[in-house]
Each structure stands twice: as structure tokens, then as C-alpha cells.
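[1] Just the structure for this:
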Amino acid sequence: MQIEVGFLLTAIGVLVGFLTYYRNRDKDVRSDASENAVIRTKLDAISSGIELIRADIQKNESRVESLSERVTRVEESSKQAHKRIDNIEKGDM
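    Below you'll find the model as predicted:
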């Protein structure tokens, strides 16, 4: 009788342990899934932000290229104007 009661209590303890393990495992899985969903949402937002930044950078690069061409033309024009001014000052014209 003594052994049967001990065995019965041990079996009940093991059963309670397994049930607790499975219940907590399900909670952990749900919690992990929820955290993963939040992380994915944040990553999607970051990804779309990066795409907007890339588009802005491309626009800025084209603007800089355009301005660079304009500066080159202005420098050439300025150089020619200085040559003409130098000629006027020397009295060549």
C-alpha cells in the first residue's frame, strides 16, 4: 500500500509536470509568433523608408550632376569674359 501511494503521487506529479510543460510551450509559441509579427512589421516599415531614401538620393545625384554641368559652362563663360575684359584693358579692341 505504501509503495502504491508513492507511485500514484509520482505519476500524478509527472502528469502535472507534462501538462504544465505543454501549456507553457503553447504560450511561448504564441508569444514568439506575436513578437515575430511585430518585428516583421517594423522591418517592412524600415524597408519602405530605405526605398524612399534611395529615391531621394538618386534625385539628388541627378541634381548635382546637372549643377556640375552648369558650373562648368559658367566657368567657361567666365573665362572668356575675363579674356575679353583683359583685351579691353590692354586696349587691343
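[2] low-scoring pLDDT stretches of this structure, where are they?
    Confidence mapping of the chain against pLDDT under 70 gives the ranges 1-2, 92-93.
[3] And the residue nearest the centre of the chain?
    Taking Cα atoms, centre = their mean, the centroid of the chain lies closest to I46, which sits 4.0 Å from it.
[4] in which helix or strand would I find R40?
    Per DSSP states H and E: R40 is located in helix 2-90.
[5] what about I39, how many residues close to it?
    10 (other Cβ atoms under 10 Å). No exception for glycine: its C-beta is placed from N, CA and C like everyone else's.
[6] One more: T41?
    10.
[7] Could you pull up the contacting residues of it?
    T41 makes contact with no residue under the criterion Cβ atoms under 8 Å, 6 or more residues apart in numbering.
[8] Burial check on T20, number of neighbours?
    Neighbourhood size, T20 [other Cβ under 10 Å]: 10.
[9] and if you look at I53?
    I53 is flanked by 10 other residues according to other Cβ under 10 Å.
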